[in-house]
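S.K.: next input, structure requested:
(4 chains)
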4 protein chains.
Amino acid sequence: MAGDVLGRELRLISFGESHGEVVGAVVEGVPAGLPLEESDVQELLDLRRPGQSQYTTSRSETDKVRILSGVFRGRTTGAPIAMIVRNEDVVSSYYEEFLRTPRPGHADYVARLKYGGYNDYRGGGRFSGRMTISMCMGGAIARKLLERIGAEVIAYSLEIGGERASDFTLEEAREYRYRNPVRAPNEESYRRMAEAIESARREGDSVGGVVEAVALNVPPGLGEPLFDTIEGDVAKAMFSIPAVKGVEFGSGFRAARMRGSEHNDPLVIRDGKVAYAKNDHGGVIGGITTGEPVVVRVAFKPTSSIAKPQRTVDLEEMREVEIRVKGRHDPCIVPRAVVVVESMLAFVLADHAIRAGLIPRVLR
Amino acid sequence: MAGDVLGRELRLISFGESHGEVVGAVVEGVPAGLPLEESDVQELLDLRRPGQSQYTTSRSETDKVRILSGVFRGRTTGAPIAMIVRNEDVVSSYYEEFLRTPRPGHADYVARLKYGGYNDYRGGGRFSGRMTISMCMGGAIARKLLERIGAEVIAYSLEIGGERASDFTLEEAREYRYRNPVRAPNEESYRRMAEAIESARREGDSVGGVVEAVALNVPPGLGEPLFDTIEGDVAKAMFSIPAVKGVEFGSGFRAARMRGSEHNDPLVIRDGKVAYAKNDHGGVIGGITTGEPVVVRVAFKPTSSIAKPQRTVDLEEMREVEIRVKGRHDPCIVPRAVVVVESMLAFVLADHAIRAGLIPRVLR
Amino acid sequence: MAGDVLGRELRLISFGESHGEVVGAVVEGVPAGLPLEESDVQELLDLRRPGQSQYTTSRSETDKVRILSGVFRGRTTGAPIAMIVRNEDVVSSYYEEFLRTPRPGHADYVARLKYGGYNDYRGGGRFSGRMTISMCMGGAIARKLLERIGAEVIAYSLEIGGERASDFTLEEAREYRYRNPVRAPNEESYRRMAEAIESARREGDSVGGVVEAVALNVPPGLGEPLFDTIEGDVAKAMFSIPAVKGVEFGSGFRAARMRGSEHNDPLVIRDGKVAYAKNDHGGVIGGITTGEPVVVRVAFKPTSSIAKPQRTVDLEEMREVEIRVKGRHDPCIVPRAVVVVESMLAFVLADHAIRAGLIPRVLR
Amino acid sequence: MAGDVLGRELRLISFGESHGEVVGAVVEGVPAGLPLEESDVQELLDLRRPGQSQYTTSRSETDKVRILSGVFRGRTTGAPIAMIVRNEDVVSSYYEEFLRTPRPGHADYVARLKYGGYNDYRGGGRFSGRMTISMCMGGAIARKLLERIGAEVIAYSLEIGGERASDFTLEEAREYRYRNPVRAPNEESYRRMAEAIESARREGDSVGGVVEAVALNVPPGLGEPLFDTIEGDVAKAMFSIPAVKGVEFGSGFRAARMRGSEHNDPLVIRDGKVAYAKNDHGGVIGGITTGEPVVVRVAFKPTSSIAKPQRTVDLEEMREVEIRVKGRHDPCIVPRAVVVVESMLAFVLADHAIRAGLIPRVLR
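M.R.: As a prediction, this is how the structure comes out:
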């Protein structure tokens, strides 16, 4: 078992359940001397928090983080940093019925099989989107570590409900994404995406989408092939986010339809330095960063919890039945996933930067 | 550094270089008592070997595997299994010039940066497609372990140069894929894919494609969320294969454009057992196998080595120049990658089956 | 960095500091269905708690454990189990002066060097004996897992201040050890050890000792050589306990002075089964358990904090000075270490039992 | 299973069997640019090779190392370094009988149990002393890495058959140890140890002993507590060497009988720098190196293979019998273990130096 640790020299350990007492994380391997306050973590938690707009669930989760260890007088100590958020506004009674009639799209049935019925099923337990709180905790620290080497990660909703953003610059995305509730990179796409979500909600349905994350100023040479490639480690982290169905870098699946002469990225001289003409390679070649922006796209399926009636099985009577999933749910989880994708990309890059010896063990 | 070990209770260690003395692997954690002969491994190596058709490079590589340890009287002993293939038909002189004028699409330049110029650049060194020999070595053993629990992995070229296979059954694919040189799942798609490759070759160009792999009879409950999900561990393994740009499961990126009511997979009763109505989820929900076939698609970029002239930088004179990449290269690496994708999926599933306690430590 | 995770399929993550808000642990990889209550953990914490007798420090630490996750309706869920104890009765002002004049025998100076002065030095921070609370948390769960395979660990003070226990049976030790404050295996040795401690205390000094732990009914075949031997993994765990200077198994250092004819352990038939005539091998041969009791001895140095004046360096003035270490300290930490040694041995054996597939993933 | 990998950022993978085709190792995580030739490894293999004197077995093993990968033009490339030694002069027929009548002191019986009889039992298989060849391979590289930070490891036989070396300086030991067949630190102790071995041999018996290793100029601050302490990681490595029964640091077990006032190591000013007055702490406090020499002692049991008749069990007839272990065996393995202990200490320290960022990834 034992699959709740991510990373190697910077490690994220997740714990907690959706309707248990807390959701939390331990981040270890953090160099000493990094200024860190609860507000640094809170900022990311607030960005993933629901209840902020009509496009997300109306549950009220204050999600106030508390740092329990590893920080002394405002700086990290080199010791593990444990953090928790208490679970509040929890209504567990909804979930009793799903023991018997597992919800399509959710892990209700496989979790029951795997854990012999002992798993905490309330609110989805360990399979809830609330587990991404642990990821944001790791991301908050990783982001501050990356700052030390001048690197930055910017994520946004690239596409929601089939509405794809276009004609935006990264600079626009950086400024605009967290100022609109769907995390679109510009206003025009925000309007289209918001309408797509609203339309699904009206019909008691849900939509999926794609988050794009771009890491800027990543030093060349990160990544440890053959197996610990940047793409591999990033993909592993992304697939731990609930609802992710695909991960691609640079040209991604589009590359499959390109010719070599079109896809290959000529080396050029830019500002007196070696650079790449374009970035179809997505900032990584051979599993190693090239110095160009790392570009990853993450596909999310539509929210599994929908108001529409659905077919499933009554496990006691072993017959097919129709259920309705009550509760307050996001018609689209993509907006809230943006900061999680950002966190996971930052985390993996920070781990690799430490492995590469680029972040010292004591920060001044 | 240290990134050449994959897996946890079944581990694959890769070593060797393209034009060094050998390419090899150590597989450890293999239960004792598994019948294993060199021919079991050779079978997979032969499937990835070039020179088999006009659609792959004309290099002649016999790639005969030699098992050096871990097998005694035809069965595994529980000790690490070391295997090597000697490199032959090596012409390294081609590669001297790429030190100075790195090839677009290849890792020449980043490898030089990362390893300070000490890397063995001949034939691409550690970044060569020949490293997939290590992966097939691991796959050969994994495949035999999966047999013990009745599971099987079937991979094939789903799409090459934009030509996508359709109207085939998995049964057809199982029979046909290794009987045609492009590893298409049926004859009709074989013809289209072969023509796409041939067309690119005539123009001194290359094409990419998509490999699909399906794992059948995978027991439900494999995978260890939060972080060691099946998708995450499979994706990490896939991205270690050179030229991979994207990985998706089940509905994959298509899910981003679906509605929940369309995507959700109703539970049904089939043959008296709980099953899923369709398999958009790709055999994994919440990071755990559901018992339905695990379906993964892997996008490959077009071969970077093309005959057409390309732009790059002369690193000594720091100016942009045009180069031609000589040598014998595959106009499409997808056909040879099929058995590698199959190997990696088998390997990760076997590792998880061991972690789940489903494969005993002594096999009779 | 990142060195706060122990184990492989059962993992213990420690966090917290001596005078921080909490000391805690996450235990992951625990099978689902194990009955677990806070009182199970509390029992071990109470055994390591100070203030219980004149032989230990008078600090009052209630050390009440709180389980934050991973347990639902009295049973483990398969999810990570996070636990904390709040730090109370903390007087940190003692420790300011040791920044300037580091205490001999303590990690004050090397911690300052390593963490650039950012470590939480109060109460020894991460180097405090309070970190063994994390170990007991892991031990409490491991002990219950071992019960499932009928195995049991019994530790006791074998020697304190040169007074070595003798003429006791394991049965006596099991009954008596936690009923006397020095954790001696029988009354006669208790009296001698207690006197040795009292004598040191009167002189403002401290004494060391040896803890012996015996694991009974350990199944044969645990341990994964070449490197993951039982001895190696147990020793690694033991050396993480503060003040440990040596670890030996079975005959241990005495073996160095024996002859082969004397040391070799003849196989015999006992109760119709193969067994070993004696147990100089300490229950492990070739890194693998033999089925005989696993016997480990752990040497503890005398407590570093003593009332007597000591020489050290004033780091600001860079001159040698004399200091007195105030505060309430154990004149011997061995009695409180007994349950910690017991915990660590149980933990490593439980991890290996899981790796060997002997403890199922769902317990009924 | 999967226990054949040691280390974290510098990793040693062992493979091979005593009477199989090869014994080998893969060392990965080695920085690029380190000059390395087969003779660097051969030097250590020659020091562990038998047949060099009357005090070791008369088997003739040439043990010529061959580097298969990871070195290009005399320098490491950053890729994994695979090495093998072919097994020669192998007489396996000796070992058939031990299947039925396992040898006392050897792993014959437990290996059979653990691997269901599929293990390669010839010559002890994976439990043979020949596995230490892998360790020397790792040690040869680690030694060269430590040179880069000015550190050095010196090991020698401290005690054999009860004869303990005394009145030697480390300088003497460095010069003399490999110039005498028992690896004693000075001539006087050599004579006594040699006589002890000879005396045991004459009686068809064997003796054990203690190897001491000292690491000089180790930078302070290595080690990653709570769990990845220097002592813990060194001890784990040492216990993987066959026949080891105990490991201690500095004062070791002797500390258990000391008082705090006697054991504590005052900080002093030496040559204008902070140092420790003596080194009872053995170069490590709190799991972290102090800058003083790291001192470890490793206890070896007497060789299990002795000419004298021994009792064991006939597993087929399930009755106790007497056997004689034929073959050519060392009456004491300590002399040959010296270079292995040296290798393992060097390896762990080099791994930690890389983890601490003290050895760059590219060496010039």
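S.K.: any idea how far the residue of chain A most remote from its centre lies from chain B?
M.R.: Residue distances from the centre of chain A (Cα atoms, centre = their mean) peak at A:Glu317, which lies 38.1 Å from the mean C-alpha position. Going from A:Glu317 to chain B by Cβ to the nearest Cβ, to the nearest Å gives 10 Å. The way it works is simple: take the backbone N, C-alpha and C, and place the C-beta from them, glycine included.
S.K.: so the residue nearest to A:Asn180 when sequence neighbours are not counted is in which element?
M.R.: Using Cβ to Cβ, 6 or more residues apart in numbering or on different chains and skipping residues adjacent in sequence, the residue nearest A:Asn180 is A:Tyr190, 4.4 Å away. Element membership for A:Tyr190 (DSSP states H and E) is helix A:187-202.
S.K.: average pLDDT for that helix?
M.R.: The average pLDDT within helix A:187-202 is 97.
S.K.: helices or strands up against that helix?
M.R.: Applying 3 or more Cβ pairs under 8 Å, 6 or more residues apart in numbering or on different chains; DSSP states H and E, we find helix A:187-202 packed against strand A:152-160, strand A:163-164.
S.K.: switch the cut-off to 6 Å
M.R.: In terms of contacts (3 or more Cβ pairs under 6 Å, 6 or more residues apart in numbering or on different chains; DSSP states H and E), helix A:187-202 is packed against strand A:163-164.
S.K.: now the element after the strand it packs on, going C-ward?
M.R.: Counting by DSSP H and E, the element after strand A:163-164 in chain order, helix or strand, is helix A:170-176.
S.K.: ok, and the closest non-adjacent residue to the residue of the stretch 251-364 of chain A found nearest chain C?
M.R.: Distances between the stretch 251-364 of chain A and chain C by Cβ to the nearest Cβ are smallest at A:Val362, namely 3.4 Å. Setting aside the residues directly before and after it, A:Val362 is nearest to C:Gly116 in space (Cβ to Cβ, 6+ apart), at 3.4 Å.
S.K.: what sits against that neighbour?
M.R.: Residues in contact with C:Gly116, defined by Cβ atoms under 6 Å, 6 or more residues apart in numbering or on different chains, are A:Ala32, A:Gly33, A:Val362.
S.K.: counting neighbours, which of those residues comes out on top?
M.R.: Scoring the contacts of C:Gly116 on neighbours with other Cβ atoms under 10 Å in any protein chain shown, the highest-scoring entry is A:Ala32 at 25 neighbours.
S.K.: what does the longest helix seen in chain A rub up against?
M.R.: Of all the segments assigned as helix in chain A under DSSP state H, the longest by residue count is helix A:334-355. Residues external to helix A:334-355 that are found in contact with it (Cβ under 6 Å, 6+ apart): A:7-10, A:44, A:47-48, A:132, A:135-136, A:138-139, A:142-143, A:145-146, A:149, A:153, A:155, A:157, A:160, A:182-183, A:209, A:211, A:213, A:215, A:222, A:233-234, A:237-238, A:241, A:298, A:300, A:359.
S.K.: in strands, which of these fall?
M.R.: A:Val153, A:Ala155, A:Ser157, A:Ile160, A:Gly209, A:Val211, A:Ala213, A:Ala215, A:Val298, A:Phe300 (DSSP state E).
S.K.: could you identify which of the residues you listed has the most neighbours?
M.R.: Using other Cβ under 10 Å as the neighbour test, the ones in strands among the contacts of helix A:334-355 are led by A:Ile160, with 33 neighbours.
S.K.: is it true that that one touches A:Arg192?
M.R.: No - judged on Cβ atoms under 6 Å, A:Ile160 makes no contact with A:Arg192 at a distance of 8.2 Å.
S.K.: who in the stretch 51-200 of chain A is up against chain B?
M.R.: Residues of the stretch 51-200 of chain A lying close to chain B by Cβ under 6 Å from any Cβ of the partner chain are A:Pro104, A:Gly105, A:Ala107, A:Val110, A:Leu113, A:Lys114, A:Phe127, A:Met131, A:Gly162.
S.K.: pretty sure the fifth one contacts B:Pro219?
M.R.: No - here A:Leu113 lies out of contact with B:Pro219, judged by Cβ under 6 Å, at a distance of 9.6 Å.
S.K.: more crowded one of the two?
M.R.: A:Leu113 (21 against 16).
S.K.: quick one: secondary structure of the closest residue to chain C within the stretch 101-250 of chain A?
M.R.: Chain C sits closest to A:Gly116 of the stretch 101-250 of chain A, with a gap of 3.4 Å, by Cβ to the nearest Cβ. Classification of A:Gly116 using DSSP: H, G, I helix; E, B strand; the rest coil returns coil.
S.K.: the one 4 residues further on now?
M.R.: Classification of A:Asp120 using three-state DSSP returns coil.
S.K.: so who does it touch?
M.R.: Going by Cβ under 6 Å, 6+ apart, the list of residues near A:Asp120 reads A:Glu17, C:Phe72, C:Thr77.
S.K.: from A:Cys332, how far out is the second one?
M.R.: Note on C:Phe72: its distance to A:Cys332, by Cβ to Cβ, to the nearest Å, is 30 Å.
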